[in-house]
Structure formats: structure tokens, C-alpha cells
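Asks: Sequence plus the predicted model coming up.
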Amino acid sequence: MQTVTSTDLARNFRVMLNRVEFQHEELLIIRNNCPVARLIPDTGVMTAAEAFSGLYQTLQQEAGESWLADSRLDDGKDGEVRDPWAS
């Protein structure tokens with residue numbers, strides 16, 4: 001963990017923040033020779049594709065087929081679009 005004074009942090013904030021974000025460094029901020037805060041990198045952000053990547057492993061076969069059937073726009077009847085809200 002890198003130690004940095006509050007003055008250095010204020011003068012080089014963009015550089016220090018980039019070190020935390022891109023190089024995943026932790027910074028211990030000191031003021032008057034006392035630690036006052038710690039900057040740590042946040043966990044990564046998950047995309048929608050990553051969030052749904054394991055869905056097929058947990059979804060039961062019947063539920064998957066039902067979901068797929070409900071998501072279709074047409075029923076195969078003369079190419080007309082079905083109303084998803086109709087009962």
C-alpha cells in the first residue's frame with residue numbers, strides 16, 4: 001500500500017485516482033503524520049452479457065421453453081403479430 005500525504009493527493013489528484021482505478025493500487029492518505037483515509041479500487045462492473053452468462057445452467061428446461069415461447073412475436077398464423085397482453 002502506497003502512503004501519500006493529503007497535500008500530494010490534492011496536487012496530483014487525477015494521477016493518484018488513475019493509479020487506484022487502473023493499476024489497482026491502494027493509497028493510504030496521511031495528514032499531520034496520522035492516517036486519515038484509504039483509497040481502494042472498487043470491484044469491476046458487470047455487463048449484461050456477463051450477468052446472463054450462467055442463466056442457461058440454472059434455468060430448468062421447461063421454464064426455458066416457456067420463456068422462449070412467450071417471447072416470440074408471432075404464433076405462425078399468417079405472419080400476424082400476436083398481442084402479448086391478450087389472455
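Replies: Arrived safely, thanks for sending.

Asks: Count the neighbours of residue 18 for me.
Replies: 12 (other CB atoms under 10 Å). Backbone N, C-alpha and C define where each C-beta goes, glycine included.

Asks: ugh, wrong one, I meant residue 16
Replies: Residue 16 has 19 nearby residues by other CB under 10 Å.

Asks: Could you check how far it is from residue 27?
Replies: Relative to residue 27, residue 16 is positioned 6 Å away (CB to CB, to the nearest Å).

Asks: what do those two both touch?
Replies: Common contact partners of residue 16 and residue 27 (CB atoms under 8 Å, 6 or more residues apart in numbering): 4, 9, 39.

Asks: now the second one: how far from residue 35?
Replies: Residue 9 sits at a distance of 13 Å from residue 35 (criterion: CB to CB).

Asks: tell me, what's touching these two both at once?
Replies: Joint contacts of residue 9 and residue 35 (CB under 8 Å, 6+ apart) are residue 29.
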